[in-house]
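Student: below are the sequence and a predicted model; questions follow.
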Amino acid sequence: MLLLGNLAQPLWFMNGYAAQQANRPEWAFWDATRIVPGTVNEFPFFTFLFADLHAHMIVMPLSLALLGLGVAIVRRPRASATFGWFNTLSLIAMIGLLVGALRATNTWDYPTFVGLTAIAFAIAAWNAFRREASPSARVGIVVGMLLLPFAASLILGNLLFAPFTQHFTTASSGIELLHDGARESRIAQLLGAERTTLWDELRLYGLWLVIVIAGGLVLIKHVIGLEFRIQDSARRSGNESLLTIVALGGSLAVLVLIGLWREWSALVLLLPLLVSGTWLCWNLRNYPPPLLLPAVWGTAAIGLLVLVEIVVVTGDVGRMNTVFKFGLHSWILFALMGAVAVPWLMQRALSRLRFGLQFQPTNGAYGALVLLLALLRGGPQHVYPLTATPARLADRWNPAAPRSLDGAAFMATISSATGGPEHALDEDAAAIDWLQRNVPGTPIILEAHRPSYQWAGRIATYTGLPTLLGWEWHQIQQREVVNARPAIANRQNAIQTIYSTPDPQAALDLIHDYGIEYVYVGGAERAAYDTTGLSKFTVLVTSGALEEAFSQGQTQIFRVTEPGVPGVLTSDILIEAPTRETPPATDARHPGKRVARQSVITPGIAGRATRRCWQACSGWRCSMALHCWACRWRLRSLATGAMVVGPGRVSSACLCSATSSGCLPHSACGPTIAGVCSLA
């Protein structure tokens, strides 16, 4: 699962694309994850190589653990005296804990892996059901081995994480048919939607599809041969089953060739595979788990690939995350299936080969299978790991920087002489070190807001201090459910005004309005804003409104001598957690003006207001929600939220961590937490 790549990389080395990327060394680890236009096509090796602490990476051990417990469900002894009630209850408890953790860590994994858990319970119940003749006993099996344990697991998972789920909301909820809204009729919208081509699908999952088809044909031959043996002679059954799989394999090959030539959708191959896999799983229902479970996993993986070509999650950016997250699930399931199927197929093929002077009809088929499996085990899927790893390791700002577990060590090696005045990272490193050693609590610090994928948010990232706004696009995505765009735009404008306006009082008013206690002026700020606007901070120092707390080179940190109580808040009274029906709040500075859900995305609260709000929301539910979230996310998503929420000293101390307060290009992708602290 972890050590393989897709087939795009070896194809690029063969067709010359790799040679054309001499000026883009990052292509070797990046491009293979952007195959389908408008989507993300990650696979586990890239996820861990890129090492971004996103939810889809953090959740993988939980998802695999849940699948492992599913195997335990299927393989457990049927007799309760052997397995024991304690073991049964322990299994249900562990499943419940993982089910709840999946939902809180990465909700995208919840339907896939909880659904597979339900299938595991169903398989275990069926194994007992088919051995019982009594109707009452069969009803008891369905209830006691399927309905009750699965329901108990779901209920337990929801109870354990109720403090989280009660205060959780997201814009990505529900599904809708994939369609092209630019077309007129509904039929044209559905048929004309952009879907993954067969060529792209083969580049992404070709390895796994070959294993699925090879293993499926062998199992189909076995199932059909068994039926023939029941109905007719053994000699006829072998020949007819072999002819059947040759016909099926040939038909698929022709279908793939025509689909590639005509640039058809991947559905032309995936739908027949899904139908065949479903039929095969049904016919293997009485077989041992080592045969049945890999077939279920492979069929489920194909089903997910079919699903993302038909529907899209409501609120997605196009269909980017739908293809991304469920495609990653498919990869995991394919890999688990392949780990069982490839050795089994190899052993079976080698055992069926018969050598001698007389030609055996099956030798050609099994010999081809052996060669194919040998190619797969040492072939093109290893090209990506071997080429992407050195490229990623070399993707450093300063190749000579020390290699260490300290993620900020490189900054001291980048000066204005080597990185330019905008990237005087050594000065930033010195300022960050000063902040970490001298600033207690978590006061709000203002730094430059830059366009996406630029050097920004670095002070909040490396200190854990909340800032007014990090990466606005992630904030828009995560808070679309509460219509955060107006508040985020207001903050963008406020940052621009504070740094750019030549009017000291206008800047000071905004600083007080947002409860800012420190203003950072470094290389990024001097590159983004004109010197006329920045010079007013010296005027404010002269007037006593600010004081210079740190200075090195071109980098300065100003402390606000008398931080103000934010004026954009509606009130400091406890409110209910917002929902989709929550009406817009009123801007305190403009009583007649309504703003969108301002209660969720307000800046920090200082002094008594902070204590009142925090005390109001620090009951067991909020505390448990923060605790559960922190255990899995290390406060990552909440810290990013703190840069929009901009909490005060007390509240932000619980919402920020030193690892993740900033919004560098790929920082936290966590779901929206609306109302966890309900600061109004």
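Tutor: Structure received. Computed from a prediction, not measured in an experiment: that's the story for all the values here.
Student: for this protein, what spans make up the strands?
Tutor: 175-177, 311-313, 444-446, 516-521, 546-552, 555-560, 585-586, 594-595 (DSSP state E).
Student: touching the fifth one from outside, list them.
Tutor: Meaning strand 546-552. With contact meaning CB atoms under 8 Å, 6 or more residues apart in numbering, strand 546-552 is reached by 427, 430-431, 434-435, 438, 518-519, 537, 540-541, 556-561. (Each C-beta comes from the backbone N, C-alpha and C, glycine too.)
Student: again, but for the first one
Tutor: Strand 175-177 is contacted from outside by 190, 310, 311, 312, 313, 314, using CB under 8 Å, 6+ apart.
Student: who's in contact with residue 413?
Tutor: Under the criterion of CB under 8 Å, 6+ apart, the neighbours of residue 413 are 398, 400, 401, 402, 425, 426.
Student: now do residue 335 against residue 298, distance only.
Tutor: Going from residue 335 to residue 298 by CB to CB, to the nearest Å gives 10 Å.
Student: quick one: which of the two has more around it?
Tutor: Higher neighbour count among residue 335 and residue 298: residue 298, with 29 against 20, using other CB atoms under 10 Å.
Student: columns pLDDT on top of the contacts of strand 175-177, output as a markdown table?
Tutor: Below are the contacts of strand 175-177 laid out as a markdown table (pLDDT from 0 to 100):
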| residue | pLDDT |
| --- | --- |
| 190 | 88 |
| 310 | 95 |
| 311 | 95 |
| 312 | 94 |
| 313 | 93 |
| 314 | 88 |
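Student: how near is the spatially most central residue of the chain to residue 450?
Tutor: In the chain, the residue lying closest to the centroid (CA atoms, centre = their mean) is residue 56, at 3.0 Å. To residue 450, residue 56 is 26 Å away according to CB to CB.
Student: and if you look at residue 199?
Tutor: For residue 199, the distance to residue 450 equals 38 Å [CB to CB].
Student: quick one, which of those two is more surrounded?
Tutor: More neighbours surround residue 450 than the other of residue 199 and residue 450, with 20 against 17 (other CB under 10 Å).
Student: grab the nearest non-local neighbour of the more buried one.
Tutor: Spatially, and ignoring its direct neighbours in sequence, residue 450 is nearest to residue 456 (3.5 Å; CB to CB, 6 or more residues apart in numbering).
Student: quick one: that neighbour and residue 449 touch, right?
Tutor: Yes - using CB atoms under 8 Å, residue 456 is in contact with residue 449, at 6.5 Å.
Student: still on that earlier bit, turn the buried ones among the contacts of strand 175-177 into a named ChimeraX selection, would you?
Tutor: Only the buried entries of the contacts of strand 175-177 go into this ChimeraX selection, using 16 or more other CB atoms under 10 Å:
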select :311,312,313
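Student: redo the contacts of strand 175-177 as TSV? Include distance to residue 257.
Tutor: Formatted as TSV, the contacts of strand 175-177 follow (distance: CB to CB, whole Å):
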residue	distance to residue 257
190	27
310	24
311	29
312	29
313	33
314	37
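Student: for residue 4, which non-adjacent residue is closest in space?
Tutor: In space, residue 4 is closest to residue 381, 4.4 Å off (CB to CB, 6+ apart).
Student: that neighbour is in contact with residue 8, isn't it?
Tutor: No - Residue 381 lies out of contact with residue 8 (CB under 8 Å); the separation is 10.6 Å.
Student: quick one: end-to-end distance for stretch 24-41.
Tutor: End-to-end span of stretch 24-41 (CA to CA, to the nearest Å): 20 Å.
Student: same question but for stretch 505-519, I mixed them up
Tutor: 15 Å.
Student: residues shared between the contacts of residue 335 and residue 298?
Tutor: residue 208.
Student: the spatially closest residue to residue 497 that is not a sequence neighbour: how many residues sit nearby?
Tutor: Computed as CB to CB, 6+ apart, the closest residue to residue 497 that is not its neighbour in sequence is residue 510, at 6.0 Å. Neighbourhood size, residue 510 [other CB under 10 Å]: 21.
Student: and the gap between residue 510 and residue 498?
Tutor: The gap separating residue 510 from residue 498 is 5 Å, by CB to CB.
Student: residue 5 too?
Tutor: For residue 5 relative to residue 498 (CB to CB), the value is 46 Å.
Student: so the residue nearest to the centre of the chain makes contact with residue 48?
Tutor: No - Residue 56 is not in contact with residue 48 according to CB under 8 Å; the separation is 11.1 Å.
Student: pLDDT weak spots in the chain?
Tutor: For the chain, applying pLDDT under 70 flags the ranges 77-84, 225-241, 349, 351-378, 567-680.
Student: kindly recompute the last result at 50.
Tutor: In the predicted model, the chain carries pLDDT under 50 at residues 79-81, 228, 234, 355-359, 361, 569-578, 584-680.
Student: got a list of what residue 40 touches?
Tutor: With CB under 8 Å, 6+ apart, residue 40 has these contacts: 33, 34, 320, 321, 323, 324.
Student: if you could redo that for residue 204, that was the one I meant.
Tutor: Per CB under 8 Å, 6+ apart, neighbours of residue 204: 6, 7, 8, 35, 36, 41, 196, 327.
Student: show me what contacts the second one?
Tutor: Looking back up the chat, that one is residue 7. Contacts of residue 7 by CB under 8 Å, 6+ apart are 202, 203, 204, 206, 207, 380, 381.
Student: and of these, the nearest to residue 489?
Tutor: residue 204 (37.1 Å; CB to CB).
Student: circling back: filter the contacts of strand 546-552 down to the buried ones, PyMOL style.
Tutor: Selection command for PyMOL covering only the buried members of the contacts of strand 546-552, criterion 16+ other CB under 10 Å:
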select buried, resi 427+430+431+434+435+518+519+537+540+541+556+557+558+559+560
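Student: can I assume residue 112 is in contact with residue 326?
Tutor: Yes - contact criterion CB under 8 Å: residue 112 and residue 326 qualify, at 6.9 Å.
Student: anything in contact with each of those two?
Tutor: Listed as contacting both residue 112 and residue 326 by CB under 8 Å, 6+ apart are residue 304.
Student: returning to that earlier point: and of the contacts of residue 7, the nearest to residue 151?
Tutor: Checking these one by one against residue 151 (CB to CB), the nearest turns out to be residue 204, at 36.3 Å.
Student: what's the residue nearest to that closest one when sequence neighbours are not counted in contact with, if anything?
Tutor: Of all residues not flanking residue 204 in the chain, residue 6 sits nearest, at 5.1 Å (CB to CB, 6+ apart). Applying CB under 8 Å, 6+ apart, we find residue 6 in contact with 32, 35, 41, 43, 203, 204, 205, 206, 207, 381, 384.
Student: 10 Å - rerun?
Tutor: 32-33, 35, 41-43, 45-46, 202-208, 331, 380-381, 383-384 (CB atoms under 10 Å, 6 or more residues apart in numbering).
Student: again, but for residue 489
Tutor: With contact taken as CB under 10 Å, 6+ apart, residue 489 is in contact with 469, 472, 476.
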